[in-house]
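K.L.:
pasted the sequence and its predicted model underneath.
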Amino acid sequence: MSEQFDAIVIGAGQSGPFLAAKLAGAGRNVALIEREHLGGTCVNDGCTPTKTLVASARAAWAARHAAQFGVMVKGPVTVDMAAVKARKDKVVGASVKSLTDWLGSLKTLDYIKGEGSFVSSSEVKVGKRVLTAPQIFINTGATASVPDWSGIRSVPYLTNTSMMNVDTLPGHLIIIGASYIGLEFAQMYARFGSKVTVIERGARAASREDPDVSAAIRGILEAEGVTFMFGTTVEAVAKAGHGVLLSLKCGERLASIEGSHLLVALGRTPNTGDLNLGAAGIETDARGYIPVDDHLRTKVKGIWAMGDVNGRGAFTHTSYNDFEIVADNVVDGGKRSVAGRIPVYGLFIDPPLGRIGMSEAEVRKSGRKALMGVMPMARVSRAKERGETQGLMKVLVDAESKQVLGAAILGIGGDEIVHSLLQLMAAGTPYTTMMHTVHIHPTVTELIPTLLADLKPLE
Ligand SMILES: Cc1cc2nc3c(=O)[nH]c(=O)nc-3n(C[C@H](O)[C@H](O)[C@H](O)COP(=O)(O)OP(=O)(O)OC[C@H]3O[C@@H](n4cnc5c(N)ncnc54)[C@H](O)[C@@H]3O)c2cc1C
Ligand SMILES: NC(=O)c1ccc[n+]([C@@H]2O[C@H](COP(=O)([O-])OP(=O)(O)OC[C@H]3O[C@@H](n4cnc5c(N)ncnc54)[C@H](O)[C@@H]3O)[C@@H](O)[C@H]2O)c1
């Protein structure tokens, strides 16, 4: 006998729990199915713990550089990795608890621990239970991809998930992949005191960024002792003592490298393999994502897909925005759409990168007439006063409409400051409005009008 609900949510990532709560708040009977931890990747082994660790790494950096500010720290600065992990666990634990308490307080929400899989387009199995509902929402997220290199299964490699259990200092951490995950962990562990080598098959770090931004990111990390090996792929992996030995190919040249720990950070695979989607009549695309329309509906009536699993975003804020769109449409009778969502994200190295809209490369490819301004952070008073002048600011605007097309702010506060340009973009306000507004001194944002006053045609 199946159990009847008004709605079923599979996966408790960054949209599922909020949608389940919204539906329950509207008086609907909802089943929320989660096989691991409430809050999914972001809370348990993604944003929250990594940014907590980044904060510990920043404290280590500040203590080591205190003398440069006239502050004397006696003796060598050491990092207690068990205490770092305990602090991280506390922050994560509090977040999971508050989510658990909140969801537990909702009377028509049934939280079911287990793995959900489709039996038909209106039925989902969890353990021995079969649930049925006219509306089913998938929010199953993604997991670290693991390559099929020879020997990989015989070594204790790490992913972003198992990294969360590390409570000792790796002697030499080798990271494969120089993108968001690899770069954040690289700087963090270099600051904790590990030797860090990053291996990347492409030619630069953060290759989705423009070459000047990539080069500045590389410079920041190299200055802190991180070694990069570009144009390099792993051929095989083997155990070596307590660590790992990697056989590498750098162009035509063969090489090897030995490390105490290996972190694999080369992308994520959507969690669709366990859902038995065929029973619901849903097919994934070639990379395993669930195709959706602009309202996040799958091709099967009554089934939606939100978050990383739909391939329309790969961030917590995009997953949460998926919840807002679906909730508005399904509960409040709205017509919101994902079309036109401005791409925004941060890279949380220190100083961070804040990114909105199009890159220079994307603007060039679009062929439109544009203006661009670039300013090194070394020109910003606040950066000089703080003694942190690495990075650059870059803004692109449409030459005719004067609207902001995109921006990259790599520097102190870059992740926050870039939002001022985001609001101009969202409101369709010409950049000249910001140029003519008085800003607070001394801030980083006060230099954006100066940057805008010096825009040059993109040749
Ligand atoms: C190391 C790291 C750092 C990150 N940092 C940031 C950051 O700073 N900012 C940012 O915006 N994004 C960041 N991200 C990305 C962000 O974590 C994800 O985009 C975000 O979690 C959205 O995921 P989601 O809602 O799609 O699902 P997820 O958070 O992945 O959750 C999906 C949930 O579904 C469950 N599940 C899967 N299959 C089933 C099933 N069959 N039955 C039941 N349950 C199931 C899983 O157990 C999981 O709990 C980071 C990611 C990583 C890995
Ligand atoms: N700050 C943030 O918001 C944040 C932080 C961490 C993760 N995330 C999310 O997690 C997702 C995954 O991040 P990621 O860094 O794992 O992956 P990614 O897909 O962004 O980058 C993977 C990198 O690994 C390289 N690579 C792939 N195969 C390789 C190989 N065999 N040898 C050497 N290099 C190889 C690629 O060239 C690329 O540079 C991102 O898309 C992002 O959405 C976001």
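P.N.:
Looks like it arrived, so ask away. Ligands and ions are numbered 1, 2, ... in the order given.
K.L.:
tell me the SS of the closest residue to ligand 2 within the stretch 301-450 of the chain?
P.N.:
Proximity of the stretch 301-450 of the chain to ligand 2 (Cβ to the nearest ligand atom) peaks at residue 314, 3.1 Å away. (Each C-beta comes from the backbone N, C-alpha and C, glycine too.) For residue 314, the assignment made with DSSP: H, G, I helix; E, B strand; the rest coil gives coil.
K.L.:
number of residues surrounding residue 110?
P.N.:
18 (other Cβ atoms under 10 Å).
K.L.:
what do you get for residue 299?
P.N.:
Per other Cβ under 10 Å, the neighbour tally for residue 299 reads 12.
K.L.:
circling back to that earlier point, if I pick the residue of the stretch 301-450 of the chain closest to ligand 2, what's in contact with it?
P.N.:
Residues near residue 314 by Cβ atoms under 8 Å, 6 or more residues apart in numbering: 142, 268, 308.
K.L.:
where exactly do the helices run in this protein?
P.N.:
Using DSSP state H, the helices found in the chain span residues 16-25, 40-45, 47-64, 81-104, 180-192, 211-223, 316-330, 360-366, 381-386, 414-427, 431-435, 448-453.
K.L.:
which one, of the ones you listed, ends up nearest to residue 73?
P.N.:
Nearest of these to residue 73, taken as Cβ to Cβ: helix 47-64 at 5.4 Å.
K.L.:
against which helices or strands is that closest one packed?
P.N.:
helix 81-104, helix 180-192 (3 or more Cβ pairs under 8 Å, 6 or more residues apart in numbering; DSSP states H and E).
K.L.:
if you compare those helices, which one is most tucked away?
P.N.:
helix 180-192 (a mean of 24; mean count of other Cβ atoms under 10 Å).
K.L.:
just the angle between that helix and helix 211-223, please?
P.N.:
Computed by axes from the mean of the first three to the mean of the last three Cα atoms, to 10 degrees, the angle separating helix 180-192 from helix 211-223 equals 30 degrees.
K.L.:
send the alpha carbons of helix 180-192 over as CSV?
P.N.:
Provided in CSV are the C-alpha atoms of helix 180-192 (Å, rounded to 0.1, in the frame of the first residue of the first chain):
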residue,chain,number,x,y,z
TYR,A,180,37.1,26.7,-7.2
ILE,A,181,37.6,23.7,-4.9
GLY,A,182,41.3,23.1,-5.7
LEU,A,183,42.2,26.8,-5.3
GLU,A,184,40.3,27.3,-2.1
PHE,A,185,41.9,24.2,-0.5
ALA,A,186,45.3,25.1,-1.9
GLN,A,187,45.6,28.4,-0.2
MET,A,188,44.0,27.2,3.0
TYR,A,189,46.4,24.3,3.4
ALA,A,190,49.4,26.4,2.4
ARG,A,191,48.4,28.8,5.2
PHE,A,192,48.0,26.0,7.7
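K.L.:
report the angle between that helix and helix 47-64.
P.N.:
Using the same axes, to 10 degrees: helix 180-192 against helix 47-64 is 30 degrees.
K.L.:
now do the domain split for the protein, please.
P.N.:
3-143+269-330, 152-266, 344-457 (automatic domain parsing).
K.L.:
could you dump these to TSV with mean pLDDT and distance to ligand 1?
P.N.:
Shown next, in TSV, are those (pLDDT from 0 to 100; distance: least, Cβ to the nearest ligand atom, whole Å):
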stretch	mean pLDDT	distance to ligand 1
domain 3-143+269-330	97	2
domain 152-266	97	4
domain 344-457	97	5
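K.L.:
distance to residue 338 for those domains - can I get that in JSON lines?
P.N.:
Rendered in JSON lines, the data for those read as follows (distance: least, Cβ to Cβ, whole Å):
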{"stretch": "domain 3-143+269-330", "distance to residue 338": "5"}
{"stretch": "domain 152-266", "distance to residue 338": "20"}
{"stretch": "domain 344-457", "distance to residue 338": "14"}
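K.L.:
what residues does this protein put near ligand 2?
P.N.:
147, 176-182, 184, 199-202, 207, 233-234, 265-268, 314-315, 345-348 (Cβ under 6 Å from any ligand atom).
K.L.:
run a quick neighbour tally on residue 219.
P.N.:
Around residue 219 there are 12 other residues, counting by other Cβ under 10 Å.
K.L.:
kindly apply the preceding question to residue 349 instead.
P.N.:
With other Cβ under 10 Å as criterion, residue 349 counts 26.
K.L.:
centroid residue for the protein?
P.N.:
Centroid-nearest residue in the chain, with Cα atoms, centre = their mean: residue 315, separated by 4.9 Å.
K.L.:
name the nearest residue to that one, ignoring sequence neighbours.
P.N.:
Nearest residue to residue 315 in three dimensions, chain neighbours excluded: residue 345, at 5.5 Å (Cβ to Cβ, 6 or more residues apart in numbering).
K.L.:
what's opposite that neighbour in the beta bridge?
P.N.:
residue 355 (DSSP bridges).
K.L.:
tell me the buried residues in stretch 431-438?
P.N.:
431, 434 (16 or more other Cβ atoms under 10 Å).
K.L.:
neighbouring contacts of it?
P.N.:
Taking Cβ under 8 Å, 6+ apart as the rule, stretch 431-438 contacts 395, 397, 402-404, 420-421, 424, 448-449, 452-453, 455.
K.L.:
make CSV out of those residues and add distance to residue 299 and neighbour count.
P.N.:
Formatted as CSV, those follow (distance: Cβ to Cβ, whole Å; neighbours: other Cβ atoms under 10 Å):
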residue, distance to residue 299, neighbour count
395, 40, 26
397, 39, 26
402, 40, 17
403, 35, 15
404, 35, 28
420, 40, 17
421, 37, 24
424, 37, 22
448, 44, 27
449, 48, 17
452, 44, 22
453, 50, 11
455, 44, 19
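K.L.:
residues in contact with residue 258?
P.N.:
172, 240, 243-246.
K.L.:
in strands only, show me those.
P.N.:
Within the contacts of residue 258, residues falling in strands by DSSP state E are 172, 240, 243-246.
K.L.:
and of these, the nearest to ligand 2?
P.N.:
For ligand 2, the nearest member of those is residue 246. The distance, counting by Cβ to the nearest ligand atom, is 10.2 Å.
K.L.:
can you report how many residues lie near that closest one?
P.N.:
For residue 246, the count of nearby residues is 24 (other Cβ under 10 Å).
K.L.:
likewise residue 271?
P.N.:
24.
K.L.:
that one against residue 142, yeah?
P.N.:
Yes. Using Cβ atoms under 8 Å, residue 271 is in contact with residue 142, at 6.0 Å.
K.L.:
which residues do the two both contact?
P.N.:
Jointly contacting residue 271 and residue 142 under the rule Cβ under 8 Å, 6+ apart are residue 309.
K.L.:
buried set for stretch 200-209?
P.N.:
For stretch 200-209, the neighbour count (16+ other Cβ under 10 Å) marks 200-201, 204-206, 209 as buried.
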